[in-house]
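In: What follows is a predicted structure for the sequence shown.
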Amino acid sequence: LGPEYYNGLTFDFVNVTTSNGQAVDARVTILGTSGNYNFVGWIPDYNSASGQHEGDLGVYYRHDGGFAFPTGGIAYSMSFYEGGGTFTNAAVLSDFRILIYDHDGEPGQHESIRTYENDGFSGYQLRDGSGINAYDEGDSWRFDAGGTNLSETGPEGGFIAYYQNTSSIRFDMFATTYPSNPAGNNG
C-alpha cells in the first residue's frame, strides 16, 4: 500500500490552499461505514508513482465478501481550517473545485459517490465518454460510475465537483459488489 499508507480515521494536511491571503489546512475524517464494507486506510500520493496527481489522496475501502448485503461503503468529511496546523478555527472557502478520479467501477462492482448541496455543492463537470452519470436526488447528487475499468492516470472515470461558501464537505462513497467480481473483496 506504499510507505505513506495510514489507517487512522483522521488525516491532516497543512497549507493545502490559500484564501484571502491566508493559508488553509484540511482535515479528512471517516464518518462511518455501511453494509459489508470496511475502511482500510488512506493512501497519500496515490498515483505519484505514475507521475500523475502529485498530492492526491486515495481512500481505500473494500467489500468483505459477504454477498447477502452487496451494497455499502464509507462516508467521510473534508473540513477546512485557518492555517498553522492547529485545526481549531474553521476557514470558509468562497469558491473551490475538487477532482474525484478512479471512479469507474468494474463489471462486477458498481461504484457511486454522493455529494450534498447543504455543504455548498454548486455544480460539477464530467468528461465526455467517462460513463459517469449524475442524478439530482433533491438535496444531494449521486454520481454513478460506468462499470468498466478505465485508466487511473487520465481524465477517464473522473469528475470535478464545485463548492461555494463552505468550511466542510461530505462524500459518501458506496458500491455494489457482485459474486462475479474476480476479487470478492476488491477495493
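Out: Alright, I've got the coordinates. Residues are numbered from 1 along each chain as shown.

In: Can you give the distance of stretch 140-155 from its chain's centre?
Out: 11 Å (Cα atoms, centre = their mean, to the nearest Å).

In: buried stuff in that stretch?
Out: Neighbour counts over stretch 140-155 (16 or more other Cβ atoms under 10 Å) mark 140-141, 143-147, 150, 152, 155 as buried. From N, CA and C alone the C-beta is placed, and that goes for glycine too.

In: ok, so of those residues, who is nearest Tyr6?
Out: If you rank the buried residues of stretch 140-155 by distance to Tyr6 using Cβ to Cβ, Glu152 comes first, at 20.0 Å.

In: about what we covered before: go through the buried residues of stretch 140-155 and flag which are in strands.
Out: Among the buried residues of stretch 140-155, the members found in strands (DSSP state E) are 140-141, 143-144.

In: just to revisit the earlier point, just flag the most distant two among the buried residues of stretch 140-155.
Out: For those, and using Cβ to Cβ, no pair is farther apart than Ser140 and Glu152, which are 25.9 Å apart.

In: May I ask which helix or strand of the chain has the lowest mean pLDDT?
Out: Ranked by mean pLDDT, DSSP states H and E, the weakest helix or strand in the chain is strand 57-63, scoring a mean of 82.

In: Against which helices or strands is that one packed?
Out: Applying 3 or more Cβ pairs under 8 Å, 6 or more residues apart in numbering; DSSP states H and E, one finds that strand 57-63 makes contact with strand 37-44, strand 71-82, strand 168-177.

In: Report the angle between that strand and strand 37-44.
Out: Counting by axes from the mean of the first three to the mean of the last three Cα atoms, to 10 degrees, strand 57-63 points 160 degrees away from the direction of strand 37-44.

In: Return the alpha-carbon coordinates of strand 57-63 using CSV.
Out: C-alpha atoms of strand 57-63 as CSV (Å, rounded to 0.1, in the frame of the first residue of the first chain):
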residue,chain,number,x,y,z
LEU,A,57,-5.3,11.1,-1.6
GLY,A,58,-6.6,7.6,-2.1
VAL,A,59,-9.5,6.5,0.1
TYR,A,60,-9.3,2.7,0.3
TYR,A,61,-12.4,0.8,1.4
ARG,A,62,-13.4,-2.7,0.4
HIS,A,63,-16.2,-5.3,0.4
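
In: how about low-confidence regions in the chain?
Out: Within the chain, the segments meeting pLDDT under 70 span 1-3, 45-56, 151-154, 182-187.

In: Next one: the residue in it sticking out farthest from the centre from Glu82, what distance?
Out: Of all residues in the chain, Gly21 has its C-alpha farthest from the mean position, at 27.0 Å, by Cα atoms, centre = their mean. Counting by Cβ to Cβ, to the nearest Å, the gap from Gly21 to Glu82 is 12 Å.
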